[in-house]
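Trainee: what would the 3D arrangement of this be:
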Amino acid sequence: MQRSRTFILVGLGAVFVSLVAIVVLASLFPSWVRYHLGDSFICAFVYLWLALAFPRVRPARLLAATAAIAVTAEWFQLVRTPALNAFRRTFVGQMTIGGLFDWLDFAFYAIGCLAIWAADRAGLFVSRRRRSGNDPYAAG
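Mentor: Numbering: from 1, shown residues only. Presented below is the predicted three-dimensional model:
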């Protein structure tokens with residue numbers, strides 16, 4: 001079943017606003033909120049971009065691809081080169097590969113990946129007229 005691009009874009013907008021709120025309002029929350037809760041939202045953001053690019057791909061494959069991207073980005077934090085260090089100091093660098101490796105990030109990646117996968121699996125991004133039965137991704 002194909003997802004609705006409109007629903008995915010609404011989901012992307014909601015996740016983006018949440019990410020901006022975490023960054024802008026960081027002083028109101030404990031530091032772990034910005035660093036770890038943001039990881040969960042980043043995974044949802046990546047998942048939805050993949051869903052937008054590949055609307056017919058099953059949720060399990062999007063979950064696997066999103067998790068692979070998140071894990072790769074976290075491991076890249078262990079790599080130290082002048083070029084990567086310079087990139088890390090930029091906003092885009094902080095948002096994509098981050099600065100410090102933390103084992104706890106893997107747990108928050110898992111939370112974000114599983115939450116957005118569950119929402120997708122439940123058919124949240126499939127319009128009602130495209131749904132058939134209980135399984136929005138049923139063959140047919």
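Trainee: okay, CA-based contacts and neighbour counts for the rest of this
Mentor: Will do.
Trainee: where does pLDDT dip in this protein?
Mentor: Along the chain, segments meeting pLDDT under 70 span 1, 128-140.
Trainee: mind jotting down where the helices sit in it?
Mentor: 5-24, 31-32, 38-53, 59-76, 82-88, 91-96, 104-121 (DSSP state H).
Trainee: the fifth one: which residues count as buried?
Mentor: Read that as helix 82-88. Across helix 82-88, burial judged by 16 or more other CA atoms under 10 Å covers 87-88.
Trainee: cool, and the longest one?
Mentor: Within helix 5-24, the residues that qualify as buried by neighbour count (16+ other CA under 10 Å) are 5, 7-9, 11-12, 15-16, 19, 22.
Trainee: now do that helix against helix 38-53, angle only.
Mentor: Relative orientation of helix 5-24 versus helix 38-53 (axes from the mean of the first three to the mean of the last three CA atoms, to 10 degrees): 160 degrees.
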